[in-house]
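[1] Mind folding the following:
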Amino acid sequence: MDQSVAIQETLGKEENCIVAAQCDILLDDCSENRLLGLVECAKEHAIFIYTHRRMAITADDVSLEDILPITLDFAVVEVSSPEQLVVVGADTRVRMSYKNEELELRLPFGSHSRLFLCEVNKAWSDVCRFPTQVPKFEWIKKYKKSIKRQETMKQAIAPLEVLSTKNNQHQKIEKVSDKKGSLEKVKSSNSISQKSKGNSSQDNQSISSREERDDLVRSSSHTTSNKAQILAMPQFGLRDNLIKCELLKSEDSYTYLENFRFFLGTYNVNGQTPKESLRPWLSCTPEPPDIYCLGFQELDLSKEAFFFSDTPKELEWMKAVFEALHEEANYALVKLIRLVGIMLIFYVKKEHAEFISDVEAETVGTGIMGRMGNKGAVAIRFRFHNSDICVVNSHLAAHVEEYERRNQDFKDICSRLQFRQLDPTQPPLTILKHNVVLWIGDLNYRISDLDVDRVKDLIAKNDYETLHSYDQLKRQIDVEAVFVGFKEGEIDFQPTYKYDTGSDKWDTSEKCRIPAWCDRILWKGKNIQQEHYKSHMDVRTSDHKPVSSLLVIGIKRVNPDAYKKTFEEIVRNIDKMENECIPSLSLSKREFHFKDVKFMQHHAETLNLFNDGQVPCQFEFIQKPNESTYSKPWLTANPSKGFIAQGASMDVDLEVFVNRSMAPDLNCGKQEIEDILVLHLERGKDYFISVTGNYLPSCYGTSIYSLCHMKEPIQDMPKETLLELAEKSLNDDAATDEKPLDIPKELWMMVDHLFRNAVNQEDIFQQPGLRTEFAEIRDCLDSGMPDSLPGSNHSVAEALLLFLDALPEPVIPFSFYQQCLECSSSAGQCEKIISMLPPFHKNVFNYLAAFLRELLKNSANNRLEVDILATIFASLLLRSAKKQDLAEKKKTQEFFQHFLTQHSS
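    Below you'll find the model as predicted:
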């Protein structure tokens, strides 16, 4: 996930976050996770350091903690030894210094980190190249004033000579012991974990903290004898891509297939802690697997975890897994990735570790408003020998009737989960652009059209073939709605959900869930054979049963002699043609018009690029003069850069998408759908592409003031009137001829619908709706007012949240924000502030609060609680114009809670 978007939202208009990366700041006795952003303004660069949520999506998720200007007083050096850099999954340690301050950072293995360091080094090199041009950094002064330094940062930033002394005292390299069952580890050294016969209790004691867990995942350290090395800047030119392209074409001439055994497992643990050995599940094969890929769901069901908090259960389940791996082999833990309760662990046999490379991990949330991580996916991609493999662990939407929502979750995960490549000239890799895709998880597809008694009867008869014909996932795959091209083994085991916890009895609760195969394993790719696919009834910790699949996969291995011969021949041929021809492209069209663009609706047209020249070419959409990006924010070219072989073609999707930040100016006509793209060829010419369109105004992204002065649907309003209202909305007291509405009619329509239909709806405001239904709701609100809104209650609820999120000025205007924080502990003072709001805003606030109190009266049915509603709605009604730290978030929730209690008026 590109977290630079969250940082960009905290910056001014002239400031641009070039790249972001997560890191650990190494302290004396622990480490603290931070988000780094390389920010540019007026050709000056600085590193912004943020505290952040596990998954930073918007400005609300990050809080600025410190800034390091990149000047002549700045330096960045790598302190990992060359020997450590070749270890699979090795982290990168760097030391950044500014004047008399110094930070030691650990950046996770992967292209995100490498790209970040490359860009930092580039900015630093520019400063060193022109030493007489002293940067002023006037633009960071406003941030410096607002920064509240945390105590942990004070400990991390130490005088250079002090830190050097400490480094000399504890930087020893610990090596992995070859003896079975031993695990050696010290602070400042990350050792690859081994699992082997005996001494498992000693192993478990070694994994005693999150810092130690990180140490097990990757191997990296440095010694005092290492000379600090200036970070080298990777080079990716046209020649490199030419060679890569030709090597790919000739791959069959220098590779051969070798079979490896992949153990895939999935287990929804229902928020439980491990209560029994996992050996019946993880050690069920006679021979030890070469690779383990294990997915967990619902690791933690607490409210804290729901809102992106860390959980101690990660370490508990990791220990349980570590104990249960096959005893006849030693395993290295390559990667662990978690999003709330969705966790994926990747182990490899120690002897294969050196052949694992290009390890990347990403997450995507598909919960309410596309942000909450209670549903979604985590994924790891890696190269094993010469095969690219992607493993996905997903938890899709629940409930029998929500199969369309599950289909949407699958498509969202496939499109939104992307892995950035080391080569910045190449577009990100999506899940499906791998040789092998392994998909595991609680996919939540149920049994349809059969009652519970009939299902249990078929299970009792072991008639799984008949029962499987009623399986939602099978039916959706048959009509090619999801998992097109994927395969699943024959299901000859009983459904894995739902059991009474601790037993093999079907659900005896009041709901009496119909048994279903929720937990599944699928794959896509060539040369794959399944040896087993089964559930494990002996594991009873959860209301689900774990599932495993053993796949034998043909992996492409390289013949070194054949590779060398092929490589040399390719280089000779490229040398001959490299300087002979200028690259050239033909474009399918140069003018694109997007008709009827709507809020949060994806529009795309395809631009075909054909290489009609005599040599391969490298293209990129480049910035126009005085512009920071290659396109307007509503327009994206995908891919925005790439490589096309001679005689080949590539499709570029020109995508238009209007979100909350762009909608206000488009709604009132201040901005239009209009842009020019510049397509640049390396060593070639530039091509100009015109993009135009018409935007349909929406109540989404329109101010409360403007909506209260519209008695007709917004799309029936003249453009001049919309612009006039937008300008008047800057002064809510502006007089008008007609009596306005008390609240926006669109808001009333959604709330009234929910009041009449959804007060008893289970998980209201916690379960997402369908995107297709949101589009229908938006169109009804924007073009006319029907008797009732279309779509499910969940879709209307999410439409309401999106409406509040898109308001240019929140329900409680920005000017009242600080006052609300200061009086958050006093109910009386909070009510006094609400009484001072502009009339339309006060009406909306009171209307929403009264509605939410009605929902809470039915909490026994809808499962809502005050703190859940406060967390969701406070972030929408009481937003900051700049940024919010954790303390501020808690105060906004405390403020709003006063209005949710029964005695509030």
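
[2] switch to C-alpha atoms for all contacts and neighbour counts from now on
    Fine.

[3] and residue 500, how many residues sit next to it?
    Other residues within reach of residue 500 by the criterion other Cα atoms under 10 Å amount to 17.

[4] One more: the one 3 residues further on?
    Using other Cα under 10 Å, the number of residues around residue 503 comes to 15.

[5] So which bits of stretch 818-830 are buried?
    Under the neighbour-count criterion of 16 or more other Cα atoms under 10 Å, stretch 818-830 has 820, 821, 823, 824, 825, 827, 829, 830 buried.

[6] among the residues you listed, which are in helices?
    The helices in this structure, assigned by DSSP state H, contain 820, 821, 827, 829, 830 from the buried residues of stretch 818-830.

[7] quick one: the helices in the stretch 451-600 of the chain?
    452-460, 464-468, 472-478, 560-577 (DSSP state H, counting those that start in this stretch).

[8] how about those helices, which one is nearest residue 778?
    When the helices of the stretch 451-600 of the chain are compared by Cα to Cα, helix 472-478 sits nearest residue 778, at 27.4 Å.

[9] Would you mark the buried spots in that closest one?
    Taking 16+ other Cα under 10 Å as the basis for neighbour counts, the residues of helix 472-478 that come out buried are 472, 473, 474, 475, 476, 477.

[10] Just the closest of those residues to residue 130, please.
    Relative to residue 130, the closest of the buried residues of helix 472-478 is residue 477; by Cα to Cα it sits at 60.2 Å.

[11] hang on, isn't the closest one packed against residue 488?
    No - under the criterion of Cα atoms under 8 Å, residue 477 lies out of contact with residue 488, with a separation of 10.3 Å.

[12] ranges for the helices of the stretch 651-800 of the chain?
    Defined through DSSP H, counting those that start in this stretch, the helices belonging to the stretch 651-800 of the chain, from first to last, are 663-668, 704-708, 719-728, 745-757, 771-783, 793-806.

[13] what's in contact with the third one?
    Yep, that's helix 719-728 we're talking about. For helix 719-728, contacts defined as Cα atoms under 8 Å, 6 or more residues apart in numbering pick out 667, 668, 669, 670, 702, 703, 705, 706, 709, 734.

[14] domain ranges for this structure?
    Under the assignment the TED database, the domains of the chain span 3-135+142-149, 253-356+440-558, 585-695, 753-901.

[15] sorry, back to before: what is the nearest of the contacts of helix 719-728 to residue 96?
    Proximity of the contacts of helix 719-728 to residue 96 (Cα to Cα) peaks at residue 670, which lies at 43.7 Å.

[16] To what extent is the residue nearest to the closest one when sequence neighbours are not counted buried, counted in neighbours?
    What sits nearest to residue 670 in space, not counting adjacent residues and going by Cα to Cα, 6 or more residues apart in numbering, is residue 723, at 7.4 Å. Neighbourhood size, residue 723 [other Cα under 10 Å]: 18.

[17] where exactly do the strands run in the stretch 401-550 of the chain?
    Taking DSSP state E, counting those that start in this stretch to define them, one finds strands in the stretch 401-550 of the chain at 418-419, 429-430, 436-442, 519-524, 528-535, 547-558.

[18] Comparing the ones you listed, which comes out most buried?
    When you average the neighbours per residue for each of the strands of the stretch 401-550 of the chain (mean count of other Cα atoms under 10 Å), strand 436-442 leads with a mean of 25.

[19] now it, how far from the centre of its chain.
    17 Å (Cα atoms, centre = their mean, to the nearest Å).

[20] cool, stretch 633-640 as well?
    For stretch 633-640, the distance between its averaged C-alpha position and the chain's averaged C-alpha position is 19 Å (Cα atoms, centre = their mean).

[21] so can I have JSON lines of the domains of the chain showing distance to residue 363 and mean pLDDT?
    Conversion of the domains of the chain to JSON lines gives the following (distance: least, Cα to Cα, whole Å; pLDDT from 0 to 100):
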{"stretch": "domain 3-135+142-149", "distance to residue 363": "8", "mean pLDDT": "80"}
{"stretch": "domain 253-356+440-558", "distance to residue 363": "6", "mean pLDDT": "94"}
{"stretch": "domain 585-695", "distance to residue 363": "20", "mean pLDDT": "93"}
{"stretch": "domain 753-901", "distance to residue 363": "18", "mean pLDDT": "92"}
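
[22] Pipe those domains into TSV and attach distance to residue 394 per row.
    Below are the domains of the chain laid out as TSV (distance: least, Cα to Cα, whole Å):
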stretch	distance to residue 394
domain 3-135+142-149	16
domain 253-356+440-558	5
domain 585-695	24
domain 753-901	16
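
[23] closest one to residue 426 among those domains?
    Each of the domains of the chain was scored for nearness to residue 426 using Cα to Cα, and the closest is domain 585-695 (5.3 Å).

[24] can you pull out the strands in the stretch 1-150 of the chain?
    Secondary structure of the stretch 1-150 of the chain, counting by DSSP E, counting those that start in this stretch: strands at 16-26, 31-41, 44-52, 62-69, 74-78, 92-98, 101-107.

[25] ugh, wrong one, I meant the stretch 551-700 of the chain
    Counting by DSSP E, counting those that start in this stretch, residue ranges of the strands within the stretch 551-700 of the chain are 586-587, 591-597, 603-610, 617-622, 635-638, 641-644, 649-656, 673-681, 686-695.

[26] hmm, who's touching the longest one?
    Strand 686-695 is touched from outside by 590-598, 666-667, 672-680, with contacts defined as Cα under 8 Å, 6+ apart.

[27] Mark which of the residues you listed are buried, thanks.
    Buried members of these, counted by 16+ other Cα under 10 Å: 592, 594, 597-598, 666-667, 673-680.

[28] what's the most distant pair in those?
    Maximum pairwise distance among the buried ones among the contacts of strand 686-695 (Cα to Cα): 32.5 Å, between 667 and 680.

[29] tell me the pLDDT at residue 223?
    What the model reports as pLDDT for residue 223 is 23.

[30] Next: residue 171.
    pLDDT at residue 171 comes out at 32.

[31] now do residue 229
    With respect to pLDDT, residue 229 scores 31.

[32] Between strand 528-535 and the longest strand along the chain, find me the angle.
    Ranked by residue count, the top strand of the chain under DSSP state E comes out as strand 255-268. For strand 255-268 and strand 528-535, the angle between their directions (axes from the mean of the first three to the mean of the last three Cα atoms, to 10 degrees) works out to 20 degrees.

[33] follow-up on the earlier one: out of the helices of the stretch 451-600 of the chain, which is closest to residue 246?
    helix 560-577 (6.8 Å).
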